[in-house]
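> The sequence isn't on hand, but the structure is:
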């Protein structure tokens, strides 16, 4: 069974002469338990797909199915949707309320989703993301970028979702902590049986995290491939080839 199924997805902003077609005719499936990547340069439409899925980009056509349930374009997302689908945003500095402690952030989510054993769940969530109870009553300004992103991941895990949407989850972090967060996500996926849909412009990150990817250019999917094909340079579209060559050139320069 597919966890996510996009069929002929179009997403746009504005109307008439001001209309911008951000995604055009995107179709792909994400299997349950899979880690799937959306790659491409900035403005290619990757994050817009996540926003259409979560209701943050309301103007779309085509079909989106979550666990074989088709989403209604005319309605917002209900509690059942947000219990099964959660998102980790790019910027941990903007995604946490500056006046809410870690305890308040997690308590609020757990309360809204009807959990009663909130104390025990907060302790377990903090342990799961490698922070521990010492961080429970700290505020965002008392945390590093990596610690903030761990809190954001804990918040996303709180409703016990089956699907996590990862929008460039490490791009705003120092290089020294990026690998820690990526390895944490891999461990959590294995432990909780999660499905990942990950947006990234970094092919090295995608190769580490994902089994399959689609490459996007100017709002369209130009190629779909397995990560093993990508590693072996078995790509067909010139844009995919240019992304790989740029990635290899960057890595050589770093060496």
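Great, that's in hand. Please read all numbers here as calculations on a predicted model, not as lab measurements. Numbers count the residues shown, from 1 in each chain.
> Tell me where the stretch 101-250 of the chain has strands.
Per DSSP state E, counting those that start in this stretch, the stretch 101-250 of the chain carries strands over the ranges 163-167, 195-200, 212-217, 220-226.
> TSV please, covering these and showing mean pLDDT and distance to residue 123.
Yep, even glycine has a C-beta here, placed from its N, CA and C like the rest. Formatted as TSV, the strands of the stretch 101-250 of the chain follow (pLDDT from 0 to 100; distance: least, CB to CB, whole Å):
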stretch	mean pLDDT	distance to residue 123
strand 163-167	97	21
strand 195-200	97	25
strand 212-217	96	36
strand 220-226	96	39
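> Kindly reformat those as CSV containing mean neighbour count and distance to residue 175.
Below are the strands of the stretch 101-250 of the chain laid out as CSV (neighbours: other CB atoms under 10 Å; distance: least, CB to CB, whole Å):
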stretch, mean neighbour count, distance to residue 175
strand 163-167, 23, 18
strand 195-200, 24, 15
strand 212-217, 23, 22
strand 220-226, 17, 27
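> The ones you listed into TSV, with extra columns for distance to residue 36?
Listed next are the strands of the stretch 101-250 of the chain as TSV, based on distance: least, CB to CB, whole Å:
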stretch	distance to residue 36
strand 163-167	10
strand 195-200	5
strand 212-217	5
strand 220-226	10
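> mind checking how far residue 95 is from residue 176?
Distance from residue 95 to residue 176, counting by CB to CB, to the nearest Å: 21 Å.
> So the two - more neighbours on which side?
Set residue 95 next to residue 176 and count neighbours by other CB atoms under 10 Å: residue 95 wins out with 20 against 8.
> wouldn't the more buried one be in contact with residue 89 here?
Yes - applying CB atoms under 8 Å as the test, residue 95 and residue 89 come out as touching, 4.4 Å apart.
> Secondary structure of residue 37: a strand, I assume?
Yes - according to DSSP: H, G, I helix; E, B strand; the rest coil, residue 37 belongs to a strand.
> In this structure, where is pLDDT below threshold?
Where the chain drops to pLDDT under 70, the residues are 249-255.
> what do you get if the cut-off is 80, keeping everything else the same?
1, 74-75, 247-255 (pLDDT under 80).
> Helices along that one, start to end?
With DSSP state H, the ranges of helices along the chain come out as 46-54, 79-84, 102-112, 118-128, 145-157, 175-192, 203-209, 227-231, 238-254.
> I'd like those laid out as JSON lines, including distance to residue 17.
JSON lines is the format used below for the helices of the chain (distance: least, CB to CB, whole Å):
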{"stretch": "helix 46-54", "distance to residue 17": "20"}
{"stretch": "helix 79-84", "distance to residue 17": "34"}
{"stretch": "helix 102-112", "distance to residue 17": "41"}
{"stretch": "helix 118-128", "distance to residue 17": "48"}
{"stretch": "helix 145-157", "distance to residue 17": "38"}
{"stretch": "helix 175-192", "distance to residue 17": "41"}
{"stretch": "helix 203-209", "distance to residue 17": "36"}
{"stretch": "helix 227-231", "distance to residue 17": "39"}
{"stretch": "helix 238-254", "distance to residue 17": "28"}
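> For residue 51, see how far away the spatially closest residue to residue 198 that is not a sequence neighbour is.
What sits nearest to residue 198 in space, not counting adjacent residues and going by CB to CB, 6 or more residues apart in numbering, is residue 166, at 4.2 Å. Residue 166 sits 13 Å away from residue 51, going by CB to CB.
> Report the contact partners of residue 106.
Residues counted as contacts of residue 106 (CB atoms under 8 Å, 6 or more residues apart in numbering) are 121, 122, 125, 126, 151, 154, 155, 158.
> Pull the contacting residues for the residue sitting nearest the centre point of the chain.
Centroid-nearest residue in the chain: residue 166, 1.4 Å away (criterion: CA atoms, centre = their mean). By CB under 8 Å, 6+ apart, residue 166 lies in contact with 87, 88, 185, 196, 197, 198, 199.
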